[in-house]
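Enquirer: Got a predicted model here, sequence first, then my questions.
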Amino acid sequence: MSIKEKRDEHLSIEIDYCKVLIQYRSELLNSVVPFWMKYAIDWKNGGICTCLSDKGDVLSQDKYMWSQLRAIWTFSALYNKIEKKKEWLDVALHIFEFVRKYGRDDKGQWVYSVNKNGTPLRGATSIYADGFAINGFTELAKATGNKDVIQLALDTYYNVQKRLAVPGSYPTEPLPIPHDCIAHGISMIFSMVFNELGQYLNNADILQASIDQAEQVMTVFLRPEQQRLYEYVRTDNTLLETQPGLTTVPGHALESMCFMIHIYQQRNDQKRIQQAIDCIRWHTELGWDYEYGGILLAINAEGSFWEDKWDTKLWWTHAEALYALLLVYSISQEEWCLNWFRQVHDYTFSHYPVSNYGEWFQRLDRYGNHISNIADLPVKDPFHVARSLINCIGVLEKLVSTGKEENVKNNML
């Protein structure tokens with residue numbers, strides 16, 4: 001191939017990056033964010049309404065705490081990573097004031113849900129809420145430097161660490177951990193949120209806690225010999241040979257491996273990064289519905305929590321897949337990632353965006369028909385789609401920038 005052919009080939013790829021970047025910025029800024037700003041912010045009572053129809057109708061003013069906490073991350077990240085718009089930071093601070101007043105019980109644990117005024121409806125029935133608190137407050141602290149915000153993140157960290165030290169001592173609604181088992185979701189979430197907090201504070205102990213959880217993901221739940229990442233294993237780290245131990249959730253594996261890549265990039269651990277890349281490929285190939293397109297929710301789900309919905313195709317799965325595949329391509333430049341990204345992108349944007357109102361449908365049946373916006377929680381959460389688009393934009397901007405740099409080099413030859 002001549003220098004000119006190489007240059008033209010590279011230019012065509014760069015233009016593709018630019019087009020996708022423009023599309024993703026538009027989807028985020030002209031569809032997803034306006035939906036939440038228009039329909040969801042509860043300026044009267046505090047917080048954000050997430051029990052919404054796809055048309056933006058408020059179905060309930062009850063507030064699920066982990067959705068409040070994740071929304072803090074989303075609006076803080078928009079401010080930190082996309083544009084320093086005061087209106088986004090104002091929303092993040094507005095929700096923060098609501099959760100600071102009403103979000104924790106007398107043990108310092110984050111509750112599951114409250115009514116519109118903050119009166120508790122269900123107590124601390126999910127430790128995942130505590131993880132999203134750490135994540136949201138860390139991102140908000142990056143935006144504001146507010147010491148009270150980061151102190152609340154630290155208080156939550158120390159509270160959580162005591163509970164994580166005793167498996168089985170904490171609930172994980174909506175999916176309970178089977179008796180004498182540990183859950184991939186716990187190590188996945190807390191490895192990520194501890195890493196973010198530890199990096200922000202430059203705290204070696206918190207960073208070590210992140211690595212401890214990440215190593216659980218990579219050595220206990222990930223089984224390279226089977227090319228699978230399992231959701232549950234026994235407390236002695238052996239595989240659970242009955243359900244739900246046999247089930248794999250491809251979207252969860254993709255999301256988890258993005259966290260692992262970020263964590264191990266900071267340590268320049270190429271072995272772990274490659275394992276995560278391999279895992280993303282295995283689970284994209286495993287989860288893809290080769291007959292009807294899209295990524296299935298669960299594999300080998302008979303007799304598990306996912307038995308009746310294994311063949312549904314959820315919005316968050318596809319959002320996570322888009323970022324995972326772009327991230328891996330930006331690292332490896334391997335063609336398989338780009339090919340899969342194109343397939344997932346085409347399916348996603350032809351099925352999920354809600355015309356006229358904005359945001360995405362939450363669930364499709366196997367054939368691609370919209371079935372309901374009610375998932376595991378009765379919420380339309382301002383998190384996965386926005387986070388994926390924010391992260392994809394970051395990768396695409398680097399790819400476009402790298403392409404321009406390469407073009408300059410080629411033009412100098």
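Expert: Perfect, thanks for sending it. Numbers count the residues shown, from 1 in each chain.
Enquirer: distance of R100 from R163?
Expert: Distance, R100 to R163, by Cβ to Cβ, to the nearest Å: 21 Å. C-beta here means a position set from N, CA and C on the backbone, and glycine is covered the same way.
Enquirer: per-residue confidence at the most centrally placed residue in the chain?
Expert: Nearest residue to the geometric centre of the chain (Cα atoms, centre = their mean): H384, 5.1 Å. Per-residue pLDDT puts H384 at 97.
Enquirer: element containing W340, please.
Expert: Here W340, judged by DSSP states H and E, is contained in helix 335-351.
Enquirer: so what does that helix touch, helix or strand wise?
Expert: Applying 3 or more Cβ pairs under 8 Å, 6 or more residues apart in numbering; DSSP states H and E, one finds that helix 335-351 makes contact with helix 3-27, helix 270-287, helix 315-332.
Enquirer: make it 10 Å
Expert: Counting contacts by 3 or more Cβ pairs under 10 Å, 6 or more residues apart in numbering; DSSP states H and E, helix 335-351 is packed against helix 3-27, helix 270-287, strand 313-314, helix 315-332, helix 384-412.
Enquirer: What average pLDDT does that helix get?
Expert: Mean pLDDT, helix 335-351: 96.
Enquirer: what does the next helix or strand after it rub up against?
Expert: Moving toward the C-terminus from helix 335-351, the next helix or strand (DSSP H and E) is strand 363-364. With contact meaning Cβ atoms under 10 Å, 6 or more residues apart in numbering, strand 363-364 is reached by 292, 294, 297, 309, 311-316, 318, 347, 351-352, 369-375.
Enquirer: Tell me the helix or strand right after strand 363-364.
Expert: Note on strand 363-364: by DSSP H and E, the next helix or strand toward the C-terminus is strand 370-372.
Enquirer: Now tell me what touches that following strand from outside.
Expert: Against strand 370-372 from outside (Cβ under 10 Å, 6+ apart): D54, K309, T312, K313, H351, Y352, V354, F361, Q362, R363, L364, D365.
Enquirer: do that again at 6 Å, thanks
Expert: F361, R363, L364, D365 (Cβ atoms under 6 Å, 6 or more residues apart in numbering).
Enquirer: Using PDB, write out every CA atom in the helix holding W340.
Expert: The C-alpha trace of helix 335-351 is given here as PDB (Å, rounded to 0.1, in the frame of the first residue of the first chain):
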ATOM      1  CA  GLU A 335     -10.400  -4.900  14.100                       C
ATOM      2  CA  TRP A 336     -12.700  -7.200  16.000                       C
ATOM      3  CA  CYS A 337     -13.600  -4.500  18.500                       C
ATOM      4  CA  LEU A 338     -14.400  -2.000  15.700                       C
ATOM      5  CA  ASN A 339     -16.500  -4.600  13.900                       C
ATOM      6  CA  TRP A 340     -18.500  -5.400  17.000                       C
ATOM      7  CA  PHE A 341     -18.800  -1.800  17.900                       C
ATOM      8  CA  ARG A 342     -20.400  -1.100  14.500                       C
ATOM      9  CA  GLN A 343     -22.900  -4.000  15.000                       C
ATOM     10  CA  VAL A 344     -23.800  -2.900  18.500                       C
ATOM     11  CA  HIS A 345     -24.000   0.800  17.500                       C
ATOM     12  CA  ASP A 346     -26.400   0.000  14.600                       C
ATOM     13  CA  TYR A 347     -28.700  -2.100  16.700                       C
ATOM     14  CA  THR A 348     -28.700   0.300  19.600                       C
ATOM     15  CA  PHE A 349     -29.500   3.500  17.600                       C
ATOM     16  CA  SER A 350     -32.100   1.800  15.500                       C
ATOM     17  CA  HIS A 351     -34.000   0.400  18.600                       C
END
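Enquirer: On the pLDDT front, check Y17 for me.
Expert: 88.
Enquirer: how much space between it and S401?
Expert: 9 Å.
Enquirer: quick one: which of the two has more around it?
Expert: Comparing Y17 with S401 by other Cβ atoms under 10 Å, the one with more neighbours is Y17, at 20 against 12.
Enquirer: Can you show me the helices along the stretch 51-200 of the chain?
Expert: 65-77, 86-102, 128-144, 147-164, 184-201 (DSSP state H, counting those that start in this stretch).
Enquirer: Next, the angle helix 128-144 makes with the last one.
Expert: Inter-element angle recorded for helix 184-201 and helix 128-144: 20 degrees (by axes from the mean of the first three to the mean of the last three Cα atoms, to 10 degrees).
Enquirer: can you list the residues that contact helix 184-201?
Expert: In contact with helix 184-201 (Cβ under 6 Å, 6+ apart) are residues 131, 134-135, 138, 153, 206-207, 209-210, 213-214, 216-217, 221, 231, 256, 259, 263.
Enquirer: Among the contacts of strand 370-372, which one has the most neighbours?
Expert: Busiest of the contacts of strand 370-372 [other Cβ under 10 Å] is L364, holding 22 neighbours.
Enquirer: Show me what that residue is bridged to.
Expert: According to DSSP bridges, the partner residues bridging L364 are K313, H370.
Enquirer: In terms of neighbours, single out the busier of R100 and R163.
Expert: Per other Cβ under 10 Å, whichever of R100 and R163 has more neighbours is R163, with 16 against 13.
Enquirer: okay, that one: pLDDT?
Expert: pLDDT, R163: 97.
Enquirer: and it, what is it in contact with?
Expert: Taking Cβ under 6 Å, 6+ apart, we find R163 in contact with S169, Y170.
Enquirer: Look up the closest residue to Q23, ignoring the ones flanking it.
Expert: F349 (7.8 Å; Cβ to Cβ, 6 or more residues apart in numbering).
Enquirer: now the one you found: how far from A319?
Expert: 11 Å.
Enquirer: Counting neighbours, go ahead and name the busier of these two.
Expert: Higher neighbour count among F349 and A319: A319, with 26 against 15, using other Cβ under 10 Å.
Enquirer: My guess is the more buried one contacts V385. True?
Expert: Yes: counting by Cβ atoms under 6 Å, A319 does reach V385; the two are 5.0 Å apart.
Enquirer: Can you give me the neighbour number for the residue lying closest to Q213 once chain neighbours are set aside?
Expert: Nearest non-adjacent residue to Q213, counting by Cβ to Cβ, 6+ apart: S191, 3.7 Å away. Residues contacting S191 under the criterion other Cβ under 10 Å number 25.
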